[in-house]
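**Q** generate a structure from the sequence data that follows.
(one chain, ligands or ions: 1)
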Amino acid sequence: MSETGDRDGGAQPCRRQFLCVLGAAAGALALGSEGCGGPSTAPFTAGNAADHPVGTFRMFSGNGTIIGRDAAGFYAYSTSCTHQGVAIDFSSGTSCSTVAGCSSQSTTGTTTCAAHGSRFDGTGAVIQGPARTALEHFKLTIVGGVLNVDPTAVVAAATRVAV
Ligand code: FES
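**A** Numbering: from 1, shown residues only. This is a model prediction of the structure:
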């Protein structure tokens, strides 16, 4: 039997998600995005490409996004656990205050969800459940050397943007 709000199992959304959807549908701005407790889904910039070395993962928690860079290029993926939507965090993160908006960084990209223990690797793939599906990847572009991320545009996990 699936838990209520389990995104993987296709079950019903949790009560908070339901209220957020209801509020948006009714135009009830009182709830707003803050009232729904989630990060901003608006497009944002994530600093200069030159400031993100290969093998570094940077979390922008206010935007619900992690920026990764491997040998093939840049990619962006969600910090929202695919089990029930709780925000994940790096298993071993350090400060990244030199990059505006960056909340923490990691050299492994491994993340953990404190709610029920799901773990994901640096591509967003599931290492350990109860989550069963990978984290969503978002559209990333580089304009004038600056990283731009659109968390409303989902792309294939294999998508990379070369510098
Ligand atoms: S919400 Fe359950 S493991 Fe993340």
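
**Q** may I have the longest strand along the chain exported as CSV, CA atoms only?
**A** When the chain is parsed with DSSP state E, its longest strand is strand 146-155. C-alpha atoms of strand 146-155 as CSV (Å, rounded to 0.1, in the frame of the first residue of the first chain):
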residue,chain,number,x,y,z
VAL,A,146,26.2,33.3,-17.1
LEU,A,147,24.2,30.2,-16.1
ASN,A,148,20.4,30.5,-16.4
VAL,A,149,18.0,27.9,-15.0
ASP,A,150,14.3,27.5,-15.6
PRO,A,151,12.8,25.2,-12.9
THR,A,152,9.5,25.1,-14.8
ALA,A,153,11.1,23.4,-17.9
VAL,A,154,11.9,19.7,-17.3
VAL,A,155,14.6,18.1,-19.6
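
**Q** what strands line up against that strand, and which way round?
**A** Here strand 146-155 has these sheet partners by DSSP bridges: strand 44-48 (antiparallel), strand 137-143 (antiparallel).

**Q** tabulate those strands (JSON lines), appending mean pLDDT and distance to the ligand.
**A** Yep, even glycine has a C-beta here, placed from its N, CA and C like the rest. JSON lines is the format used below for these (pLDDT from 0 to 100; distance: least, C-beta to the nearest ligand atom, whole Å):
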{"stretch": "strand 44-48", "mean pLDDT": "93", "distance to the ligand": "23"}
{"stretch": "strand 137-143", "mean pLDDT": "97", "distance to the ligand": "18"}
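
**Q** so which of the ones you listed is nearest A156?
**A** The closest of those to A156 is strand 137-143. By C-beta to C-beta, the value is 6.7 Å.
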